[in-house]
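S.K.: fold the following and give me the result.
(chains A and B)
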Amino acid sequence: MKLALLADVHANIEALDACLAHAGDQGVDGYVFLGDLVGYGADPAAVIDRVIALGAAVRASVMGNHDAAVVGRGDEPMNDEAHAAIIWTLPRLSMAQRQYLAGLPLIASDGDVTWVHASANHPERFDYVSCAADARASLDAAGSRYVFSGHVHDPTLYYVGSDGRLSPFVPTMGVALPVGRHRSWLGIVGSCGQPRDGKTGAWYAIFDRAKARLTYHRVPYDVAAAAAKIRRAGLPERFALQIEGLP
Amino acid sequence: MLATELEPGNEIDGYRIEQRLYAGGMAVIYRVSRDDLPGPAVMKVPRLGQGEPGATVVSFEVEQMVLDALDGGPVPRLYGAGDLERSPYLVMALIEGRTLSSMLENGPLAEPEVRRLGAALALAVQQLHEREVIHLDLKPSNVMIRPDGSAVLIDLGLARHAHLPDLLAEEFRRPLGSAPYISPEQVLGIRHEARSDVFALGVILYELATGHYPFGAPATPNGMRKRLRASPVPPRARVPALSEALQETIYRCLEVNVEKRLASAKQLAFELQHAEQVEVSARGRWTRRQGVMTRLRKWVFGLGYEPTVVVAPAERASDAPIIMVAVATAYTNEKHQQAIRLAVQRFAAAMPAARVACVTVTRPQPVMGTADEASSAPRQHLQLLVKLRHWAEPIALPAGRITFHVLEAGDPSDGLLDYARNNQVDHILIGAPPPNLVGRNILPPVADRVINDAPCSVTIVRPRS
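M.R.: Here you go, the predicted model:
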């Protein structure tokens, strides 16, 4: 089974649609959303509708901290700009869209795989996995072979050597990485709708479970349209600049 | 039954064991067959008994990962693999030929043979680097020479792929590699330097040419560190018949400081194929072991040795390109020639590791039958070489970065294209055909054919009109 893993779409419908089209061309059989469908971007309703429309092809969808904030469950502090985006988002969602977000679990698992937005260690705290020790804590708490998450916007693959120590690896896009079942892996798939590495294009990953391979992709999309919508909506300028690859 | 104790007729996952080809300390190799295999194949089974060092299984995993990613080229093609936990094995193409180590059994080889084998090996390593992989365990027993003279690299258990996680990096802090061949930076645990392979190639050349290891075969990491400060005995002190050029090339491979080492395997292949182009320095002429002062200087340098920042192997390979300049020595339009020299200067400035090969083509001269000595072939050849050097003088590149070649070919474009193919040229600079070339309507200009058939990029240079 080939799954497209998408994280941190952040209300960027142009980025999401480009990734879905790309994943379709790669012959995926399912989709996993690793949290933060909303926040920052100008199309929260369209993004949620798109995910709902995928129906049973969505194998898992977990709640991110921005999703939690929108449905009144976020007690994690947010900076002013991010908070402004949440306030902007609230009245633009229908009851059904809000219910979809409210119904998302914080963590989900499927056999030897765990899906979670941030760390599997106290997923409700939305701790960042930004070093080997964080990755260790997440893997240990999940107790599974694979953990896939988002929250951190740059893609990273943490792998465990046979002596148990973890190392981060920065993946190259388009290279199929062998992720054998005899090791543990923690994959951060990178942000679809709000990358922060100064480049344009949406990150997502394809996990081929049968072949135990993970491929990171970076998909070009209509950045100008997405950025223009953010500006038109009066959302903080920084969110537009970020997807335009400008600091 | 242990997979390392299989007999002919046994089967694993449908692979039928035909013959045990080799049983070593780390692995056993069988010849195997299965109907769906595309060609003759071998199966490699690691020895993974109780108490086996962890490195064995990880190396095996690394080899599988890298072979799978490479899909043939300078390494055997991977046909299949067993489950790493249940029954680890690799099935790959059988390579016809003999190992380089078997060619060393009767002592050192003659220089032409050393150059031929060394160039084939260097080109295989170059191909590997272009595919983003560093071998890091090059030695004669890991090199197969096919009957056609080309080299295949086997045993990629310590290899590093720039785009895959390095399973060996964090795990083992001791140096990984074979003691006689390991580079100074590998001794310090660095596993992402493509020029580590160039160092190992230097050791192999030294061994092929002299029958000795340049730094012995130390058993401890401390013993291996000695290569940071000890200069090897000059090859010509061991085999006086060796050329100064070959000794110079070997020393360039064995530089402790990677920045001073030959920049790529391709440049090594080039030096081995063009001995006459190697600028021989004092060390190329050494015939005795160096004195205490020289060794002391190196020792002091070795103390302060610090690894430098390195880049991905393929980036490194294309960082050290060969630029070929086609020079029409008979063409006297100075404005035109000046434009080409300016282009060379700009390319050379943009790529500090690039080597510029100035090439001119002349018609083949009849070997016999020339009446006067002045028009004899060697004499003409020499005159052209002088012209070529004179032409290039204003470019003012240091001797190591520019070389000169007079080719003989009936058709100049054939000569240029053959040279570009045989020397893995990365970029060709050639002047635009003059506007009023005589015979333009009959024969296509040289530049046109070069553009059409070149194995690399071509830049057409023309002065502003």
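
S.K.: number of residues surrounding residue 181?
M.R.: This is for chain A. A:Arg181 has 14 neighbouring residues, counting by other Cβ atoms under 10 Å in any protein chain shown. C-beta: built from backbone N, CA, C; applies to glycine.

S.K.: wrong chain, I was asking about chain B
M.R.: B:Tyr181, neighbours per other Cβ under 10 Å, totals 26.

S.K.: the strands in chain A, which residues?
M.R.: Taking DSSP state E as the criterion, chain A carries its strands at A:2-6, A:30-33, A:58-61, A:107-110, A:113-116, A:146-149, A:156-160, A:166-169, A:176-178, A:185-188, A:202-208, A:213-219.

S.K.: adjacent strands (with direction) for the third one?
M.R.: Paired neighbours of strand A:58-61 in the sheet (DSSP bridges): strand A:30-33 (parallel).

S.K.: mind listing residues that contact the strand it pairs with?
M.R.: Residues outside strand A:30-33 that contact it (Cβ atoms under 8 Å, 6 or more residues apart in numbering or on different chains) are A:1-7, A:9, A:20, A:23, A:51, A:54, A:57-62, A:115, A:148, A:207.

S.K.: just the terminal-to-terminal distance for stretch A:195-215.
M.R.: One end of stretch A:195-215 sits 17 Å from the other (Cα to Cα, to the nearest Å).

S.K.: give me the distance from that stretch to the chain's centre.
M.R.: Centroid displacement of stretch A:195-215 relative to its chain, using Cα atoms, centre = their mean, to the nearest Å, is 10 Å.

S.K.: what residues of stretch B:383-391 count as buried?
M.R.: B:384-385, B:387-388, B:391 (16 or more other Cβ atoms under 10 Å in any protein chain shown).

S.K.: of the contacts of strand A:30-33, select the buried ones using a PyMOL command.
M.R.: Typed into PyMOL, the line below selects the buried ones among those, using 16+ other Cβ under 10 Å:
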select buried, chain A and resi 2+3+4+5+6+7+9+20+23+51+59+60+61+62+115+148+207
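
S.K.: give me the low-pLDDT residue ranges for chain A?
M.R.: Scanning chain A for pLDDT under 70 picks out A:161-164, A:247.

S.K.: which residues in it form helices?
M.R.: Assigned by DSSP state H, the helices in chain A fall at A:13-25, A:44-53, A:65-70, A:80-89, A:95-102, A:132-142, A:223-232, A:237-243.

S.K.: pick the most buried one from those helices.
M.R.: Between those, helix A:65-70 has the highest mean count of neighbours, a mean of 26, where neighbours are mean count of other Cβ atoms under 10 Å in any protein chain shown.

S.K.: what does it rub up against?
M.R.: Here helix A:65-70 makes contact (Cβ under 8 Å, 6+ apart) with A:10, A:35-40, A:44, A:74, A:76, A:78, A:82-83, A:85-86, A:89-90, A:93, A:98, A:101, A:104, A:117-118, A:126, A:151.

S.K.: same deal with stretch B:21-32?
M.R.: Applying Cβ under 8 Å, 6+ apart, the contact partners of stretch B:21-32 are B:3-4, B:6, B:15-20, B:40-47, B:56, B:59-60, B:91, B:94, B:157.

S.K.: nearest residue to the middle of chain B?
M.R.: Nearest to the geometric centre of chain B sits B:Ala122, at 2.3 Å (Cα atoms, centre = their mean).

S.K.: need the contact list for that residue.
M.R.: The contact partners of B:Ala122, taken as Cβ under 8 Å, 6+ apart, are B:201, B:265-266, B:268-269, B:272.

S.K.: run through the stretch 151-300 of chain B and note the low-pLDDT ranges.
M.R.: Residue ranges of the stretch 151-300 of chain B with pLDDT under 70: B:169-175, B:291-300.

S.K.: try it again at 80.
M.R.: Counting by pLDDT under 80, the stretch 151-300 of chain B shows low-confidence ranges at B:167-176, B:188-189, B:219-226, B:228-230, B:289-300.

S.K.: surely B:Val325 is within a strand?
M.R.: Yes - counting by DSSP: H, G, I helix; E, B strand; the rest coil, one finds B:Val325 located in a strand.

S.K.: and for it, the neighbour number?
M.R.: By other Cβ under 10 Å, 26 other residues sit near B:Val325.

S.K.: on that earlier part again, would you list the buried residues of stretch B:383-391 in TSV and tack on pLDDT and distance to B:Glu130?
M.R.: Converted to TSV, the buried residues of stretch B:383-391 look like this (pLDDT from 0 to 100; distance: Cβ to Cβ, whole Å):
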residue	pLDDT	distance to B:Glu130
B:Leu384	82	33
B:Leu385	81	32
B:Lys387	84	35
B:Leu388	86	30
B:Trp391	90	32
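
S.K.: now, the residues you listed that are in helices?
M.R.: Residues of the buried residues of stretch B:383-391 located in helices (DSSP H): B:384-385, B:387-388, B:391.

S.K.: could you dump those to JSON lines with distance to chain A?
M.R.: Listed next are these as JSON lines, based on distance: Cβ to the nearest Cβ, whole Å:
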{"residue": "B:Leu384", "distance to chain A": "47"}
{"residue": "B:Leu385", "distance to chain A": "45"}
{"residue": "B:Lys387", "distance to chain A": "48"}
{"residue": "B:Leu388", "distance to chain A": "43"}
{"residue": "B:Trp391", "distance to chain A": "43"}
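
S.K.: if I look at B:Ala122, how far off is B:Gln273?
M.R.: B:Ala122 sits 9 Å away from B:Gln273, going by Cβ to Cβ, to the nearest Å.

S.K.: nope, B:Ala124 is what I meant
M.R.: 14 Å.

S.K.: out of the two, which sits in the busier spot?
M.R.: Just comparing B:Ala124 and B:Gln273: by other Cβ under 10 Å the higher neighbour count belongs to B:Ala124, 24 against 16.

S.K.: now do that one, the pLDDT please.
M.R.: Among the per-residue scores, B:Ala124 holds a pLDDT of 97.
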